[in-house]
Structure formats: C-alpha cells, structure tokens
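[1] my questions concern the predicted model and sequence given below.
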Amino acid sequence: MAGLPLRNRPCGGRYEDIVAAIGNTPLVELRRLSPKPGVRIWAKMESFNPTGSVKDRVARAMIEDAEEKGLIRPGQTILEPTSGNTGISLAMICSRKGYPLKVVMPDNVTPERTQLLEMYGAEIVSSPGDQGSNGAVAMALEMAGNDASYYMPYQYGNEANPAAHYHGTAKEILEELDGEVASFVAGLGTGGTLMGHARRFKEELGDAVKIVAAEPMQGEPVQGLRSLDDGFIPPIIDLSLLDRKIFVTNSDAITWTRRLLDEEGVFAGVSSGAIAAIAVRIAGELDEGNVVFVVCDDGWKYLSSGIYTRPLAEIENLESTLWW
Amino acid sequence: MATVRIPPVLRPSVGGEREVQAAGEKVGEVLDALAAEHPETRGQLFGDGGELNRYVNVYLNDEDVRVLDGLDTAVADGDTLVILPAMAGGSG
C-alpha cells in the first residue's frame, strides 16, 4: 500500500476536539437502488457524526448560539424534549462543555437510547409513550415554564436548528455535486433539516430543485391525543418551502431500512429507511439528475428491536414503538 | 367514492368506524360529505372560515394535500384520504 496517493484531502479534516469534528460527512452513491441510469441517488451519511446522527450538528449549533448570545454559562442546566437523537447529541456536547442536561423523552423509544443518554451523563424524564413526541414537548414546556433556571434550546422552534443545515450540510452537498441537485429528500421531525436545506437550495437553484418531506405515519398506539387541538406543528416549519410531503408507514420504513442494509451495505436507522423509500420513488419519477437524501442516524440504537435480522411479522411493538 | 381513514381521536364522532366511504371530486367535497353524514366531525375538521383545521393533516393516498392544492385537490374514484392529527415528528 505504501506510496499510493490519498484520493481525498483533507481526509475528513483535522480537529481540535470531538465537538469540532461534527459535520463534513461523506456523500455516498447508491447505485443498486437507482431505478434508471441517468438518475443518481446519493446518501448524505449523517450517521458518520460523532454520536451517530445528524442531530450533532443541530445540538452544537443550538448550544454555541446560546453561548454567543450570553444565554447560558457552564453549570447551568439544559432541558430539551427529544425522541432520542437530539438528547444524545446534547448529552455528549454538554458533558464536554460542562452543562448538566435533562431530556424529556417518550417511554416507548428503543432501550439503547436510554443507555446512550445515561452513558453521556444526562438525566432522563419520561413522558407518556402514547402521546408520542407531542407529550415530550408539552411536558418540557411546562417544566421550563415552572422553573426559570432551566435553559431550553427547543429544537422545534430554534432557528439555529435549520441554520446548522443552511450553513453546513446543504453547503457540503452543493460543493460535492457541483451545485447539481434535482431533488432533496429528508425526514420531517422538527423541520430543521428540511427548512435549512430548502432555503439554501432554493436560493442557489430556484424551483429547479424539488424539496420532498418524508414523514412518519405514527402507529395508532402513538396517537393518544384527547382532541385534535393537542396536535403540534413545529414553529420552524414553513410548508411553502416543500414541494411534496409524503407519509411512510412503520412497516414500509423497516422494509426499506433492510433494503439499505442488504442492497447497499448501509446500516441505518428506521427513519433513514423511510426517507430512502421516498428518494427511490422520486428518482423513478425523474429522467435524470441527482437525488440526495439524508441518512439521519446509524442502526446501533435499533439493534435490540431485531429489525435487521427478524422477519417483519415477528417484530414486536411495531406500531407502538416510536421509531423516528 | 373515496375511502376516508379515520384516526382514533375522531372515531367517536363517526360511530367508532375506522374508515368510511364519502363522495366528492375534490378533497373539500369529500370531507364536506363526511361532515354532512357525521356532523360532530365538522367542528374538528374545519375552522370557522371553512378552512382545514390547523392540526388536521389530510393525505390523498399518501401525500399531504396542503402541499398539493389543499381542499381543491382532485380526488379520483377509489382514492383513499387519510386523516391524521399533526404530531411532532421524530428522528429528534
């Protein structure tokens, strides 16, 4: 091997610490999933971030934004509602920077998420699983309202969330593909990934780029609302920036998570499977061009569910687990 | 006729059914037919001005009609409308 030149410089970069190493993730072509020769499907591998998810970018942006604005100082407790990934990213970053962290999380997520949060030293407050992420958001807002000593970054309403993608992920994609993006597909959670990319891509490429949201069709056991007025729309979402918004069932999401693994060797979480399903569908509707989708997280946090090895029919709690 | 899938939170208003049939050539017409048959749903589906309630998402087959043509989105015979409450998404 000696003497072979490096094909890529600067090898992903050289950084002062693990927090600074967030971002600059690879863009990987998935040729087997592409339905036609002229259409290329690219996976933005956000699973390569230090804690294994795209939320590292968001958590860092929110904490550094609050630091720059003088809203927090080391020792202050950070509080955040999350279905897991943002909590894990915040836990890692807060532990490095000296902020105690409390996360409010539904009690029906996979157990690995709890372990990862504890591993990084976060305190977990459980919200009722049958209320999904809505329940976690409501509980965190109430806790913050009752105790002014908490600082809540609030990813659902914090402009630093989409800004992390506008200034980071979207720029990286444009640079790698020389500005040629026909369609971008991401998951709809807080809306941060979609809004940040949509603003950057529409500014640079106009209406030539189509922005597509894949969203979870949450199982009925997770729709435990008392009335429709308990519904929740993340404040940072601007629907006018989306060209399509398509739901994916849990079983389709898991089927496609397996296809990513079996056909392309990409070991990803369940939301990434759902997003891949929509990316392939959009690719089938195009004649040519680049379709980019986000691999939000890796598969380690879902191993205990057996989704990578068991038949779909044998997966327990398929509809009552909060997969996204 | 279109099939309309009813979320758990609305089922008490349609006699417990999981899905119902309703006629109409546009999404608004189908929902209006549903509300005519099951009057308790009207106040939940629509706002005071007749617009779609903010916290109701309606999907034609699997696409959100708000990013299509809203209540004017055309419905074909045999299509499915899925009504879902707006939920905070995941991967967060």
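    Nice, thanks for sending it over. Numbers count the residues shown, from 1 in each chain, chains lettered A, B, ... in the order given.
[2] and the longest helix for chain B?
    For chain B, the helix that runs over the most residues, judged by DSSP state H, is helix B:27-37.
[3] tell me what it is packed against?
    Here helix B:27-37 touches strand B:2-5, strand B:19-22, helix B:42-45, strand B:56-60, strand B:80-85, going by 3 or more CB pairs under 8 Å, 6 or more residues apart in numbering or on different chains; DSSP states H and E. All C-beta spots, glycine's among them, are computed from the backbone N, C-alpha and C.
[4] what's the closest of those to residue A:147?
    Nearest of these to residue A:147, taken as CB to CB: strand B:80-85 at 29.2 Å.
[5] and that closest one, how far out from the chain middle?
    A distance of 5 Å separates the centroid of the chain from that of strand B:80-85, by CA atoms, centre = their mean, to the nearest Å.
[6] direction included, what does it pair up with?
    Strand B:80-85 has the following strand partners under DSSP bridges: strand B:2-5 (parallel), strand B:56-60 (antiparallel).
[7] now do the buried residues in the first one.
    What it means is strand B:2-5. Applying a neighbour-count criterion of 16 or more other CB atoms under 10 Å in any protein chain shown, one finds B:2, B:4 buried in strand B:2-5.
[8] got the CA coordinates for that strand in CSV?
    Extracted in CSV, the C-alpha atoms of strand B:2-5 (Å, rounded to 0.1, in the frame of the first residue of the first chain):
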residue,chain,number,x,y,z
ALA,B,2,-63.4,7.7,-1.8
THR,B,3,-62.3,5.8,1.3
VAL,B,4,-61.6,8.1,4.3
ARG,B,5,-59.5,6.6,7.1
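[9] just how off-centre is it within its chain?
    Strand B:2-5 has its C-alpha centroid displaced from the chain centroid by 8 Å (CA atoms, centre = their mean).
[10] what's the mean pLDDT across that strand?
    Per-residue pLDDT values over strand B:2-5 give a mean of 97.
[11] what's in contact with it?
    If you take CB atoms under 8 Å, 6 or more residues apart in numbering or on different chains as the criterion, strand B:2-5 is touched by B:18-24, B:30-31, B:34, B:75, B:77-83.
[12] just the buried subset of those, written out for PyMOL, thanks.
    Command for PyMOL that selects the buried part of the contacts of strand B:2-5, burial taken from 16+ other CB under 10 Å:
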select buried, chain B and resi 20+22+24+30+31+34+75+79+81+82+83
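[13] that older thread, quick check: angle from the longest helix of chain B to strand B:56-60?
    Between helix B:27-37 and strand B:56-60, the angle comes out at 120 degrees (axes from the mean of the first three to the mean of the last three CA atoms, to 10 degrees).
[14] contact partners of helix B:27-37?
    Everything outside helix B:27-37 that qualifies as a contact, by CB under 8 Å, 6+ apart, is B:2, B:4, B:14, B:20, B:22-24, B:41-42, B:45-46, B:52, B:58, B:60, B:65, B:70-73, B:75, B:81.
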